[in-house]
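Undergrad: Sharing a model prediction with you, sequence too.
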Amino acid sequence: MGHRDTVFPKGEPTRRPFRIESGRAYGPGVADMKAGLVMNAFVLAAFKELGGAPAPLVGLFTSDEEIGSPFSRSVIENEARRARAVFNSEPGRPGNGVVTGRKGGVFMKMEVTGKAAHSGANFKDGVSAIEELARKITLLHGVTDLDKGTTVNVGLVSGGQTVNTVAPWAKCEIDLRFVTPADRERAMEQIRGVVERSSVPGTSATLQVAGEFLPLVETPQAKSLFDHYSACAQELGAPIRGEFTGGCADSGFAAEVGATTICAVGPVGGNAHSPEEYLDVETIVPRAQTLALAIMRL
Ligand SMILES: [Zn+2]
């Protein structure tokens, strides 16, 4: 499994084209997750040409993972329900890690409404939606509980009409991450509380859930798939280790419908979603070999 979309704006590959420098590849999506897609394509082609797969193989290449897979989710779930195992080729972690547990996430949009007024002549008639948004943002960030692994990030804000108008509207986008479903409920309750309570009298706010990722919770079956994959990697001389990450992925949707799932089996890279994103080129072949061997011996 793999996703074709990246987080970067249109035109990014022209501004920052693909390049390789001292064993590392750079460019938008080079690790997250173009390299995983290339690896999947070559592994699938090898099985097609040479045989050896213990069951039919399905390559699922989706298009909307970075926004929470609103369109691909049902496709992933349908394929995962009939899968013996799901390998998601998100980037391998530095130090040759694969991912056995992932946080869940909720993407939300909040809109605040105030009242426009001339900021010079009729200041007192106005109700500033921007001021209310600013107060709400500090409360939202306060929901973060690092010990529990719960985080809230307001990653986008906008609002206002002109510099000399008390802002009649303001909005933001919120990203919540959590480890367990119970943590999700607790945080969502607090977030709803912040949305409902106004600090600036006369404002109101609405909240809309724009996308959701389920956590990848490690099951005994997932643990044995990890051991199986790990033994294959060991045999090929590229030992791996399992780790937990805050990043969300489509693997959560596969795991949620009961499919035995392992994530981040793609080539190793880092600094995803930033201009410093890189891929360790020499990990492409060993990761492809490990995946192929793990499939052959399922
Ligand atoms: Zn990704």
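TA: Good, I have the coordinates. Numbers count the residues shown, from 1 in each chain.
Undergrad: and the gap between F87 and the ion?
TA: 14 Å (CB to the ion, to the nearest Å). For every residue, glycine as well, the C-beta is placed using N, CA and C.
Undergrad: Are we agreed that that residue is in a strand?
TA: Yes. Counting by DSSP: H, G, I helix; E, B strand; the rest coil, F87 is part of a strand.
Undergrad: Count the residues that sit near it.
TA: Other residues near F87 come to 27 when the count uses other CB atoms under 10 Å.
Undergrad: who are the neighbours in contact with it?
TA: Applying CB atoms under 8 Å, 6 or more residues apart in numbering to F87 gives the contacts M1, Y229, I262, V265, L291, A294, I295.
Undergrad: how about a cut-off of 10 Å?
TA: Going by CB atoms under 10 Å, 6 or more residues apart in numbering, F87 touches 1-2, 36, 40, 43, 98, 225, 229, 251, 254, 260-266, 290-291, 294-295, 298.
Undergrad: Who is it paired with across the strands?
TA: With DSSP bridges applied, F87 shows beta-bridge pairing to I262.
Undergrad: Could you pull out the strands in the stretch 51-200 of the chain for me?
TA: 61-62, 86-88, 97-102, 104-113, 117-118, 151-159, 165-166, 169-178 (DSSP state E, counting those that start in this stretch).
Undergrad: I'd like these written out as CSV, with distance to V127 added.
TA: Below are these laid out as CSV (distance: least, CB to CB, whole Å):
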stretch, distance to V127
strand 61-62, 43
strand 86-88, 47
strand 97-102, 41
strand 104-113, 9
strand 117-118, 8
strand 151-159, 13
strand 165-166, 7
strand 169-178, 11
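Undergrad: so which of these is the most packed in?
TA: Most buried of the strands of the stretch 51-200 of the chain, by mean neighbour count (mean count of other CB atoms under 10 Å): strand 86-88, with a mean of 27.
Undergrad: Show me how to select, in PyMOL, the buried members of the contacts of F87.
TA: Buried residues within the contacts of F87, by 16 or more other CB atoms under 10 Å, are selected in PyMOL with:
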select buried, resi 1+2+36+40+43+98+225+229+251+254+260+261+262+263+264+265+266+290+291+294+295
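Undergrad: Since that was my last question, I'll sign off now.
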